[in-house]
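[1] quick one, structure for this:
(one chain, ligands or ions: 1)
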Amino acid sequence: EGTLSQLNLAVVGHVDSGKSTLCGRILQLLGRISKKQMHKYEKEAKEKGKGSFAYSWAMDESAEERERGITMTVAVAYFDSKIFRVVLLDSPGHKDFVPNMISGATQADAAILVVDASVGSFEAGMGGHNVGQTKEHAQLIRSFGVEQIIVAVNKMDLVDFSKERFDFIKLQLGHFLRSCGFKESSVVWIPLSAMENQNLVATASDVRLSSWYQGCCLLDAIDSLKPPHRDVSKPLILPICDVVASHSLGQVAVCGKLEFGALRASSKVLVMPSGDIATVRTIERDYCSCSIAKAGDNVAVSLQGIDGGHVMPGGVLCHPDFPVTVASSLELKVLVLDVVTPILVGSQVEIHIHHAKEAARVTKILSLLDQKTGKVSRNAPRILTARQSAIIVVALDGAVCVEEFSVCRALGRAFLRASGSTIAVGIVTRVLELES
Ligand code: GDP
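    Now for the predicted structure:
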């Protein structure tokens with residue numbers, strides 16, 4: 001129907017591998033950044049004496065970030081390919097900014113792993129425990145369920161577009177990616193230069209590259225990704241992001257993205273967690289009214305026959321015969337962010353699951369997981385500190401609509417917050433206490 005399906009693409013990799021440059025370049029080449037805007041960025045970059053940063057600046061939002069010359073937020077930009085509306089989750093590679101990389105990774109359908117091909121830099125990205133962000137990021141996105149990955153072997157201009165260098169990187173990193181659980185058939189390798197615009201949105205023009213590489217460019221590789229699973233055959237799941245109630249009309253409108261199934265005008269829906277049944281009056285998609293919406297669509301739905309007080313953000317519209325799970329005790333696999341205060345049994349947190357937010361307490365720390373292998377390295381540790389990965393149990397003050405991550409990614413990813421910042425991210429591995 002002319003609407004492209006959305007593909008959330010995380011861009012990860014070691015600091016300075018060229019993530020921002022690559023994203024900025026693609027956006028510019030596809031006309032997503034106006035000449036005027038680009039000119040402004042270039043001028044600003046020159047004034048600050050960082051001319052080469054011009055493209056990466058196009059991804060940055062705030063002046064503060066520009067001062068530092070480093071991307072801090074998960075810059076969200078998008079472009080349309082032949083097949084997808086690609087939403088770029090650019091994520092900075094700097095060590096301190098791992099949290100942003102992660103929030104991008106939890107939303108990603110696929111990822112571009114950018115590596116710097118130049119001698120010494122690729123090796124640094126693969127380096128020891130502390131600096132090997134190429135490895136760390138690859139492990140993280142895999143642990144958040146991302147299966148498809150495009151490896152952008154960047155800065156090929158610095159190695160004279162050498163096939164030997166590309167093959168070496170492919171061999172080394174390929175071995176590691178397989179050990180993380182990526183299937184060989186789900187990994188695509190592309191030699192490119194973001195700076196010199198080789199193999200980005202068109203096949204390489206530089207003969208040093210085109211003489212030995214006849215594969216696709218980055219944009220075509222994106223189009224060859226498997227579209228994210230839009231499960232229309234499963235029963236309806238529509239997490240409510242926002243609610244507008246009109247008291248005078250006695251109507252309630254909700255908006256959100258359909259995760260599973262389809263929704264028809266005039267049909268009955270179950271509103272959870274209240275359990276009320278409502279009738280769908282109208283459905284709006286892209287500001288147009290329609291009679292049916294399907295998984296993947298962002299919609300606004302007006303409901304009738306329901307008390308506005310019973311519909312809230314964090315709730316879910318579902319099929320009357322297939323209510324979503326509602327629970328107040330969850331087992332989570334989490335990764336602790338760069339926190340100062342360790343997480344203990346008894347720690348008070350705020351849990352965020354899709355659009356729901358609830359006070360919660362950590363009731364158990366079941367096991368500590370090895371970062372490399374994901375296997376249990378210790379049972380029942382007393383505390384969790386920065387960058388540790390663990391299986392924990394949390395008890396929520398109130399029940400929320402939730403599913404295990406393997407059942408529904410959107411309802412199965414969680415963020416833990418305390419005193420205004422995110423302290424851990426994770427996925428729901430088990431729903432422990434069902435509300436009847
Ligand atoms: P990020 O930290 O991964 O976002 O990396 P940036 O995009 O900020 O790039 C880091 C540095 O590498 C900048 O100075 C870029 O100009 C440079 N760079 C990026 N891509 C290329 C490339 O293809 N070739 C060369 N020679 N330099 C590049």
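[2] let me know the pLDDT of the residue in the stretch 301-436 of the chain positioned nearest to the ligand.
    Here the stretch 301-436 of the chain gets closest to the ligand at one residue, Asp338, 18.0 Å apart by C-beta to the nearest ligand atom. Bear in mind the C-beta positions are built from the backbone N, C-alpha and C, glycine included. Looking at Asp338, its pLDDT stands at 70.
[3] phi, psi for it please.
    Here is the backbone geometry of Asp338 (degrees, to the nearest 10): phi -70, psi 70.
[4] contacting residues around the residue nearest to it when sequence neighbours are not counted?
    In space, not counting the residues next to it along the chain, Asp338 is nearest to Ala386; the distance is 5.0 Å by C-beta to C-beta, 6 or more residues apart in numbering. When contacts are counted by C-beta atoms under 8 Å, 6 or more residues apart in numbering, Ala386 is found next to Val336, Leu337, Asp338, Val339, Val340.
[5] tell me the spacing between the nearest residue to His310 once chain neighbours are set aside and Lys268.
    Nearest non-adjacent residue to His310, counting by C-beta to C-beta, 6+ apart: Ser274, 4.0 Å away. To Lys268, Ser274 is 15 Å away according to C-beta to C-beta, to the nearest Å.
[6] more neighbours: which of those two?
    Using other C-beta atoms under 10 Å as the criterion, Ser274 and Lys268 rank with Ser274 on top: 15 against 12.
[7] how far does the longest helix along the chain sit from its chain's centre?
    Longest helix in the chain, counting residues (DSSP state H): helix 163-180. Relative to the centre of its chain, helix 163-180 is centred 24 Å away, using C-alpha atoms, centre = their mean, to the nearest Å.
[8] do the same with stretch 267-280
    That offset, for stretch 267-280, works out to 29 Å (C-alpha atoms, centre = their mean).
[9] list the buried residues for it?
    Residues of stretch 267-280 classed as buried: Val269, Leu270, Val271, Met272, Pro273, Asp276, Ala278, Val280 (neighbour count, 16 or more other C-beta atoms under 10 Å).
[10] hmm, who's touching the longest helix of the chain?
    Contacts of helix 163-180 (C-beta under 8 Å, 6+ apart): 115, 117, 119, 122, 126, 134-135, 138-139, 142, 149, 151, 153, 156, 159, 184, 187, 189, 191, 212-213.
[11] same deal with stretch 312-323?
    235-243, 254, 256, 261, 263, 268-275, 277, 301, 324, 353-357, 400-401, 411.
[12] low-confidence ranges, the chain, go.
    1-3, 33-77, 89-107, 128-132, 247-250, 286-287, 372, 435-436 (pLDDT under 70).
[13] closest to Ile222 out of the contacts of Ala386?
    Leu337 (29.1 Å; C-beta to C-beta).
[14] how far away is the closest one from Ala418?
    Taken as C-beta to C-beta, the span from Leu337 to Ala418 is 11 Å.
[15] which one's more surrounded, those two?
    Counted by other C-beta under 10 Å, Leu337 and Ala418 do not tie: Leu337 has more neighbours, with 18 against 15.
[16] thinking again about what came up before, narrow the contacts of Ala386 to those that are buried.
    Val336, Leu337, Val339.
[17] save these as CSV, and put in distance to Leu330 and secondary structure too.
    CSV is the format used below for the buried ones among the contacts of Ala386 (distance: C-beta to C-beta, whole Å; DSSP: H, G, I helix; E, B strand; the rest coil):
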residue, distance to Leu330, secondary structure
Val336, 17, strand
Leu337, 19, coil
Val339, 20, coil
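[18] my reading is that Ala327 lies in a helix. Confirm?
    No: Ala327 is assigned strand when assessed by DSSP: H, G, I helix; E, B strand; the rest coil, not a helix.
[19] list the beta-bridge partners for the nearest residue to it once chain neighbours are set aside.
    Spatial nearest neighbour of Ala327, chain neighbours left out: Val431 (4.6 Å); criterion: C-beta to C-beta, 6+ apart. Bridge pairing for Val431 (DSSP bridges) gives the partners Leu330.
[20] list the contacts of the residue nearest to His310.
    Ser274 touches His310, Val311, Gly315, counting by C-beta under 8 Å, 6+ apart.
[21] which one of those is nearest to Leu29?
    Once C-beta to C-beta is applied, the member of the contacts of Ser274 that ends up nearest Leu29 is Gly315, at 41.8 Å.
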